[in-house]
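>>> Compute the structure for the input listed below.
(4 chains)
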There are 2 protein chains.
Amino acid sequence: MIRVLLAEDQAMLRGALAALLALEPDVEVLGSAPDGESAWRELQRLKPDVLISDIEMPGLTGLELAQRIQRHELPIKVIIVTTFARSGYLRRALEAGVSGYLLKDAPAEQLAEAVRSVHRGGRAIDPQLALEAWSEGDPLNDRERQVLRLAGEGQSAGQIAAQLNLSHGTVRNYLSEAIGKLGVGNRIEAYRLARQKGWL
Amino acid sequence: MIRVLLAEDQAMLRGALAALLALEPDVEVLGSAPDGESAWRELQRLKPDVLISDIEMPGLTGLELAQRIQRHELPIKVIIVTTFARSGYLRRALEAGVSGYLLKDAPAEQLAEAVRSVHRGGRAIDPQLALEAWSEGDPLNDRERQVLRLAGEGQSAGQIAAQLNLSHGTVRNYLSEAIGKLGVGNRIEAYRLARQKGWL
DNA sequence: CTCCTTCGATGACACTTGTCAGAAACGCAA
DNA sequence: TTGCGTTTCTGACAAGTGTCATCGAAGGAG
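Residues are numbered from 1 along each chain as shown, chains lettered A, B, ... in the order given. A predicted model of the protein is given here:
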């Protein structure tokens, strides 16, 4: 019996996945959590074999959760299930020692298959994604990422500067750098591209 | 036995929802479709009692699907299940005669409940959303929407003008109008707000 | 101690953006 | 016909944006 814990913020999907896995005779769903922090608590209480987690959750993300499991050397395999085919996410996930990375676009049967494979000590990585993950690196540094995130919310250089305790001009320099590195024409395109690639 | 058809592009969720509904003794899942057009074909072939559909799907959206069902006066109840708590979406859905509108944030059990309620001739509308749906109207006209969409992709006033056969200045006027109507400070915020409200 | 790199700041320039007042062109209704 | 509303355009101005060369401070590496 493979003991599984689910972390997923969207209630409908959380419940549906639990139902799906409960149909498998060799899988037991111990419980589920709607955010990263409560998943971490449940994890320590229930000691599952496998954690299935979304990435984008309130508070602690799935990637941070995986990192924490890695640092504490818990004997728990992690499978990430996410909407986003972003190579940056996959790379960070692999660095955090996850065993599986599936897209929500993948057929539902694949999830149970992944749980078994991972429990046997194997991996379950979306093959398409695996290819491009190591080819393209994130060219942005921390400041550029930070500034770009705020610019993407519609903030002006001045507002961003005030928030980060930088000067107006420095913020514009970082934005200009980011725009150049990404090969686009303005802050909006830069934001969209970085977001799409999972670099944000 | 309530006969149900599922339309949802995300394969994982589609399979999981089917598993969830299959657990209900009074519900039968006839099949599922990954996009609007194939849902329409399956609909005519299988003649289900209830269609459960996502909104954002490739090709035909869930809202367009509901409209088509309404125009053809098919005796099929529609339940929309979507990520987006956008009042504009709900309003358009209600105009298209849907009987249910649930968020993917809602608990999974609510779906089976909604299927039964709708099959009995009732409605199942997310209560929070129902309130604001009729209060806030979309203040944008067609041109403003069009221009804002392109601006949101990072295009400059000049590029947008070329695409719409307008002058540089006219595009800026429309953007200025939209920014004013939405009470925000620049095109980026305007785009984000309009998008969030489902006006885009 | 120098040399080098990184981080942040400055000033100047051209261009884009947001705002506003005004006007030409068109359809439509009284 | 006159008048109204809608759509589009124009020009002008202030503010914000993107680029670039340059500069100073701090922190290693040799």
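>>> Which residues are in contact with A:G169?
With contact set as Cβ atoms under 8 Å, 6 or more residues apart in numbering or on different chains, A:G169 has no partners. Bear in mind the C-beta positions are built from the backbone N, C-alpha and C, glycine included.
>>> hmm, 10 Å instead?
If you count contacts by Cβ atoms under 10 Å, 6 or more residues apart in numbering or on different chains, A:G169 has them with A:157, A:161.
>>> Repeat that for A:G180.
A:139, A:190.
>>> thought A:L46 was touching A:R3?
Yes. If you go by Cβ atoms under 10 Å, A:L46 and A:R3 touch, sitting 7.5 Å apart.
>>> Need the overlap of contacts for those two.
A:30-31.
>>> more neighbours, those two?
Neighbours were counted for A:L46 and for A:R3 using other Cβ atoms under 10 Å in any protein chain shown; A:R3 has more, 16 against 13.
>>> Quick check: the more buried one touching A:V50?
Yes. Using Cβ under 10 Å, A:R3 is in contact with A:V50, at 7.3 Å.
>>> Now do the shared contacts for these two.
Residues touching both A:R3 and A:V50 (Cβ under 10 Å, 6+ apart) are A:27, A:30, A:76, A:119.
>>> Closest one of the residues you listed to B:L103?
A:L30 (26.1 Å; Cβ to Cβ).
>>> Name every strand pairing with the helix or strand harbouring the closest one and say which way it goes.
According to DSSP states H and E, A:L30 maps onto strand A:27-33. Next to strand A:27-33 in the sheet, as set by DSSP bridges, lie strand A:2-7 (parallel).
>>> tell me the two of the shared contacts of A:R3 and A:V50 that are most distant?
Between any two of the shared contacts of A:R3 and A:V50 (Cβ to Cβ), the greatest distance is 15.1 Å, for A:V27 and A:I76.
>>> shaky segments in chain A?
Where chain A drops to pLDDT under 70, the residues are A:128-137.
>>> Please, where are all the helices along it?
In chain A, helices defined by DSSP state H lie at A:11-22, A:36-46, A:62-71, A:87-95, A:109-119, A:127-133, A:142-152, A:157-164, A:168-182, A:187-197, listed in chain order.
>>> Just name the most buried of these.
When those are scored by mean count of other Cβ atoms under 10 Å in any protein chain shown, the highest mean neighbour count falls to helix A:11-22 (a mean of 22).
>>> Ends of stretch A:92-103, what's the gap?
Terminal residues of stretch A:92-103 lie 15 Å apart, using Cα to Cα, to the nearest Å.
>>> Stretch A:138-156 too?
Start-to-end span of stretch A:138-156 (Cα to Cα) is 24 Å.
>>> Against the centre of chain A, work out the most remote residue.
The C-alpha centroid of chain A is most remote from A:G169, which lies 32.8 Å away (Cα atoms, centre = their mean).
>>> ok, now how distant is that one from chain B?
A:G169 sits 19 Å away from chain B, going by Cβ to the nearest Cβ, to the nearest Å.
>>> And that residue, how far from A:G158?
For A:G169, the distance to A:G158 equals 10 Å [Cβ to Cβ, to the nearest Å].
>>> how far away is A:D126 from B:G121?
The gap separating A:D126 from B:G121 is 43 Å, by Cβ to Cβ.
>>> Same check on A:R68?
To B:G121, A:R68 is 50 Å away according to Cβ to Cβ.
>>> what does A:G36 give?
Using Cβ to Cβ, we find A:G36 at a distance of 42 Å from B:G121.
>>> Same question for A:E189.
As judged by Cβ to Cβ, A:E189 and B:G121 stand 50 Å apart.
>>> ok so, going back, now render the helices of chain A as a markdown table, adding distance to B:Q146.
Shown next, in a markdown table, are these (distance: least, Cβ to Cβ, whole Å):
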| stretch | distance to B:Q146 |
| --- | --- |
| helix A:11-22 | 33 |
| helix A:36-46 | 40 |
| helix A:62-71 | 37 |
| helix A:87-95 | 32 |
| helix A:109-119 | 40 |
| helix A:127-133 | 34 |
| helix A:142-152 | 22 |
| helix A:157-164 | 28 |
| helix A:168-182 | 25 |
| helix A:187-197 | 17 |
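>>> JSON lines for those, including distance to DNA strand C?
Putting the helices of chain A into JSON lines (distance: least, Cβ to the nearest atom of the strand, whole Å) gives the following:
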{"stretch": "helix A:11-22", "distance to DNA strand C": "36"}
{"stretch": "helix A:36-46", "distance to DNA strand C": "28"}
{"stretch": "helix A:62-71", "distance to DNA strand C": "22"}
{"stretch": "helix A:87-95", "distance to DNA strand C": "19"}
{"stretch": "helix A:109-119", "distance to DNA strand C": "37"}
{"stretch": "helix A:127-133", "distance to DNA strand C": "25"}
{"stretch": "helix A:142-152", "distance to DNA strand C": "5"}
{"stretch": "helix A:157-164", "distance to DNA strand C": "7"}
{"stretch": "helix A:168-182", "distance to DNA strand C": "3"}
{"stretch": "helix A:187-197", "distance to DNA strand C": "8"}
